[in-house]
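pasting the sequence and the predicted coordinates here, then a few questions.
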Amino acid sequence: MLEKIQKKFALTKLGAENLIKACISCTISYIIIAMSIGVIYFFTCDMLKLLADKSYTFSVIVYIVEFVVVFALIYIAHYIQYNMTFLNTYTESARLRINVAEKLRKFPMSFFSKRDLSDLTTTILSDVTYMEQALSHFIPEFVGSIVSTVLLSIGMFVFDFKMALAAVWCVPVAIILILLAKKKLSSVGHRDRQIQLIRTEKIQEGLETVRDLKASNCTEQYLKEVDEAIDNCEKSQIKAEFTNALFVSSSQLILKLGIATVVIFGVKYLMTGQITLEVFMLFLIVASRLYDPLNATLQNLAAIISCESRVDRLNNINNYKLQTGGDTFEPTNYDIEFEDVSFSYQPGKPVLDEVSFTAKQNEITALIGNSGGGKTTCASLIARFYDLDKGRIKIGGVDISTVDPEVLLSKFSIVFQDVVLFNNTILENIRIGKKDATDEEVKRAAELAFCDEFVKNLPGGYNTVIGENGSKLSGGQRQRISIARAILKDAPIILLDEASASLDVESETYVQKALSKLIQNKTVIMIAHRMRTVANASHLVVLENGRVSEEGTSEELIKNDGLYKHMVDLQSMSYAWKI
């Protein structure tokens, strides 16, 4: 049962247990409130007898005590209900967000290539927030109301079958109407979520590309598209609300007919002597207590149906296959071997096709070739950002598919082509490479990456906050901070993906000298488009259309007169070009 509830509402095990407790607490609360009906009924009977017979006596004090006890029980029940629903819900909400974040941390990069950033943000924030309301209001109140209504109805049928039938006939009819509309409500809810997502993506796209939009004079066109997305979202939400209101209001209208049938049949049975005035009064009181919470219950049922799309999105994350592996990785050496590796981002469109080569420890292995040839893909596969379609990658003879990705990455220092920095100080941005590094170690790494050149001119030095993604720095400065991180980590394997792409010739030379100090007993994989950057590499692997077309030293490849020599010649011609 717990597993079904977990899957139904995308909950943790503890969250499912707490949801059951919340439903039970709501049921008890509603039942205790119904107890007040019994006290009111007997008090009304005694009052009618007193009006009919002045000599009749009863204890008012007893009724006062009973009312006080009932109110005390209601207070206690509400207190317990609040803790079981609201407090537990907020705790579960935190667990859900942490659970989603932990899942995302362990996902392969293939997951993120299929999901938009705004989509994931909406799931973590908006969808979980909506589930908070579902767990604290919709579900417990719906279950509690239904169970208490069933128990109350059973009592009514035992008391008087005909009057009970007149009172409760409308309840199953109203609920069935909502359930018949489930498919429509669910469809409208899914479509509304998709349209809201398109709006969010459009707004986020503008925030991320505002510079390009202005530079291309596309601001007006973009704003028209945003307006259209917002208008579509507004229309969709109006339609969703109208559809929801149509079925809910119709069901609530049917409920109100229940009071009419209680009055009509009650008067008829009272006039014919089939029931007493006391029984008629009792059913009027019960009817007034029965239908009010059921009105909210019908809204809750519609809301529960509408939350299916959000649950689906959360379950897509919860059920996604994680990358797993052993938690120890101590190879005898750090040679990297590709054995007939094939890989594709999309089925039927291979990026790598049976690639085989070896990058040896204590050497620089350069991956070169035309754009789209598979260089960056190779580097991503080595770090297990993606898993292979076919073949094996081994480090020191160990198949990396058997190693947990986080354990594997502890052996890597990586400098990406696209540098990611945080809105923090330069010191802390570099310290990401080694969290327990001292300030002196961080600054030493920065010096080796030639960060001193620009840091000394900043007002706060290494304590300067550099803005979101290093917005206050130039591209070359950002790149050098990223290289400093890699130097600080001092891992046995170094991946450099266009590490010097944003550096001028002089800085590039300095950085290469700094990196050369690190390669002792290390494996270096370098990706670069500048032939002068890779000319001194120990081993060059030329990738063409996802295959290894040639490999060897720079001198050997020039003699081969293949793709490498062609690229060298083209770059020599480009260097000679003048305006």
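Here it is on my side, so go on.

what ranges does the chain have for its strands?
Counting by DSSP state E, the chain has these strands, from start to end: 336-346, 349-359, 363-369, 390-395, 398-399, 412-415, 493-497, 523-527, 539-544, 547-552.

residues of stretch 36-44 that come out buried?
For stretch 36-44, a neighbour-count test (16 or more other Cβ atoms under 10 Å) marks 36, 37, 40, 41, 42, 43 as buried. (C-beta placed from N, C-alpha, C; glycine too.)

who's in contact with the residue nearest to the fifth one when sequence neighbours are not counted?
Once flanking residues are discounted, residue 42 sits nearest to residue 63: 7.9 Å by Cβ to Cβ, 6 or more residues apart in numbering. Taking Cβ atoms under 8 Å, 6 or more residues apart in numbering as the definition of contact, the neighbours of residue 63 are 39, 42, 43, 46.

would you turn those residues into JSON lines with distance to residue 95 and pLDDT?
Putting the contacts of residue 63 into JSON lines (distance: Cβ to Cβ, whole Å; pLDDT from 0 to 100) gives the following:
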{"residue": "39", "distance to residue 95": "41", "pLDDT": "82"}
{"residue": "42", "distance to residue 95": "47", "pLDDT": "81"}
{"residue": "43", "distance to residue 95": "47", "pLDDT": "82"}
{"residue": "46", "distance to residue 95": "52", "pLDDT": "82"}
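
excluding its backbone neighbours, what's nearest residue 362?
Among residues not flanking residue 362 along the chain, residue 521 sits closest, at 5.8 Å (Cβ to Cβ, 6+ apart).

looking at the strands of the chain, which is nearest to residue 240?
Taking Cβ to Cβ as the criterion, strand 336-346 is the member of the strands of the chain that comes nearest to residue 240, at 33.5 Å.

just want the angle from the closest one to strand 547-552.
Computed by axes from the mean of the first three to the mean of the last three Cα atoms, to 10 degrees, the angle separating strand 336-346 from strand 547-552 equals 150 degrees.

mind pulling up the pLDDT for residue 549?
Residue-level confidence at residue 549 comes out at 90, pLDDT.

report the longest helix in this structure, please.
In the chain, assigned by DSSP state H, the helix with the most residues is helix 219-271.

measure residue 535 to residue 564 for me?
Relative to residue 564, residue 535 is positioned 10 Å away (Cβ to Cβ, to the nearest Å).

just to revisit the earlier point, OK, contacts around the residue nearest to residue 362?
For residue 521, the contact set (Cβ under 8 Å, 6+ apart) comprises 361, 362, 492.

per-residue confidence for it?
We note a pLDDT of 73 for residue 521 in this prediction.

same question for residue 54.
The model's pLDDT for residue 54 equals 76.

check the one 3 residues further on too.
Residue 57 is assigned 80 on the pLDDT scale.

kindly report the same for residue 502.
Confidence per residue is given as pLDDT, and for residue 502 that number is 59.

one more: residue 511?
At residue 511, the predicted lDDT confidence score is 65.

which residue lies nearest the spatial centre of the protein?
The centroid of the chain falls nearest to residue 124 when counting by Cα atoms, centre = their mean (3.7 Å).

and that residue, what does it touch?
Shown in contact with residue 124 (Cβ under 8 Å, 6+ apart): 97, 100, 101.
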